[in-house]
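In: Fold the following, please.
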Amino acid sequence: MNPKLKSSLTSTFSWLGIAVIIVFCLAPFYWMIVSSLRPARDIFDISLWPKEVSWENYIAVFDPERGFGASLFNSLIVAGTTTILALLIATVAAYALARLEFRGKTLLLTVIIATSMFPLVAIIVPLLKLFTSWGWINTYQSMILPSLSFALPLAVWNLTSFFKQIPVDLEQAAMVDGCTPGQAFRKVILPIAAPGMFTTAIIVFINAWNEFLIAVTMVNDTAMQTAPVAISKFGGVSQFQTPYGSQMAAGVVVTIPLLILVLVFQRRIVAGLAAGSIKQ
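Out: Okay, the predicted model is just below:
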């Protein structure tokens, strides 16, 4: 086959594959937007765009009686606190695992990542009993600590691989120039590892923002519930009616902060994802 023709076909199929993936990933979100803009009477219409664009679903979502704004604020507190704590703890732990040599380090890393695969549903009841005895039900810490315990293994594993990519010579050169080990870590290593830290932070934030099982189990006060729990409890005009339009509108509102976060930090995310594949 002609090399130019082969190259052209390869490029064409590559772009087709990318297009299929994009459509597959974005189609549900597009349909959620379209459904959120339909009037309640047209919610089961299958047209690609609403015959009549209506904002009634978004108005219903932010009805003060629903308290959805407070739920968004609760989600922000839980996800933000979980992300900050996970990043602080994981950065120190990952740096130690990347730089220190000790017996059983590989086994320790395996155990750390294995803990993230433990099913949450298996421990949710013991956690509920424990937090009830502590008086933690309907508190932020009852949602943050379990989310943190599942976020840390992934964060430690990711950051360990990033720190391993950074040459030890950089720290040694900084210490030769008069830096202490702590200063070398803060002023040299952390700026270089920033893409990996941003990537890890965003992954942790998205997981904590979308968390449902912990929040719905540990909180029964509507004033403390997070956005995913609030959406699941949306009610219709009657007990037999499901407010699909309002749920779709709320889903769009909950997704927008994640989209903004990814778009703002997309360069750092790409740099962080590519860093692990580049040999320093």
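
In: Nearest residue to the middle of this structure?
Out: residue 206 (1.5 Å; C-alpha atoms, centre = their mean).

In: Looks like that one contacts residue 255 (just checking).
Out: No. The criterion here is C-beta atoms under 8 Å, and residue 206 misses it with residue 255 at 10.3 Å. Every C-beta, even on glycine, is put in place using the N, C-alpha and C of the backbone.

In: Show me which residues of the helix or strand harbouring the residue nearest to the centre of the chain are buried.
Out: In the assignment (DSSP states H and E), residue 206 maps to helix 194-209. The neighbour-count check on helix 194-209 (16 or more other C-beta atoms under 10 Å) flags 195-209 as buried.

In: Kindly report the same for stretch 228-238.
Out: 228, 229, 230, 231, 234.

In: How about stretch 68-78?
Out: So, applying 16+ other C-beta under 10 Å, buried residues of stretch 68-78: 68, 70, 71, 72, 74, 75, 78.

In: so what's the third one closest to, chain neighbours aside?
Out: Spatially, and ignoring its direct neighbours in sequence, residue 71 is nearest to residue 230 (3.8 Å; C-beta to C-beta, 6 or more residues apart in numbering).

In: burial count for the residue lying closest to the residue nearest to the centre of the chain once chain neighbours are set aside?
Out: Leaving out its chain neighbours, the residue that sits closest to residue 206 by C-beta to C-beta, 6+ apart is residue 258, at 5.8 Å. The number of residues packed near residue 258 is 15, by other C-beta atoms under 10 Å.

In: Need the pLDDT of residue 258.
Out: In this model, residue 258 is scored at 87, pLDDT.

In: Now do the SS call for it.
Out: Under the three-state scheme (DSSP: H, G, I helix; E, B strand; the rest coil), residue 258 adopts helix.

In: what sits against residue 157?
Out: 94, 109, 112, 113, 116 (C-beta atoms under 8 Å, 6 or more residues apart in numbering).

In: State the distance from it to residue 108.
Out: 11 Å (C-beta to C-beta, to the nearest Å).

In: do residue 77 as well
Out: 32 Å.

In: do residue 162 as well
Out: Distance from residue 162 to residue 108, by C-beta to C-beta: 18 Å.

In: Looking at the two, which is more packed in?
Out: The residue with more neighbours, out of residue 162 and residue 108, is residue 162; 24 against 12, by other C-beta under 10 Å.

In: so that one makes contact with residue 190?
Out: No. Checked against C-beta under 8 Å, the pair residue 162 and residue 190 is beyond contact range at 10.9 Å.

In: Regarding this protein, what is its longest helix?
Out: In the chain, taking DSSP state H as the definition, the longest helix is helix 3-36.

In: buried residues in the helix or strand just after it?
Out: Using DSSP H and E, the helix or strand that follows helix 3-36 towards the C-terminus is helix 56-61. By 16+ other C-beta under 10 Å, the buried positions in helix 56-61 come out as 57, 58, 60, 61.

In: Just send those residues back as JSON lines, with distance to residue 222 and pLDDT too.
Out: JSON lines is the format used below for the buried residues of helix 56-61 (distance: C-beta to C-beta, whole Å; pLDDT from 0 to 100):
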{"residue": "57", "distance to residue 222": "20", "pLDDT": "90"}
{"residue": "58", "distance to residue 222": "20", "pLDDT": "91"}
{"residue": "60", "distance to residue 222": "16", "pLDDT": "87"}
{"residue": "61", "distance to residue 222": "15", "pLDDT": "90"}
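
In: got a list of contacts for stretch 88-97?
Out: 105, 108-109, 152, 155-160, 162-163, 185, 189-190, 193, 197, 200.

In: and the buried residues of stretch 228-238, which of them are in helices?
Out: 228, 229, 230, 231.

In: from memory the last one sits against residue 251, does it?
Out: Put plainly, it is residue 231. Yes. Using C-beta under 8 Å, residue 231 makes contact with residue 251 at a distance of 6.7 Å.
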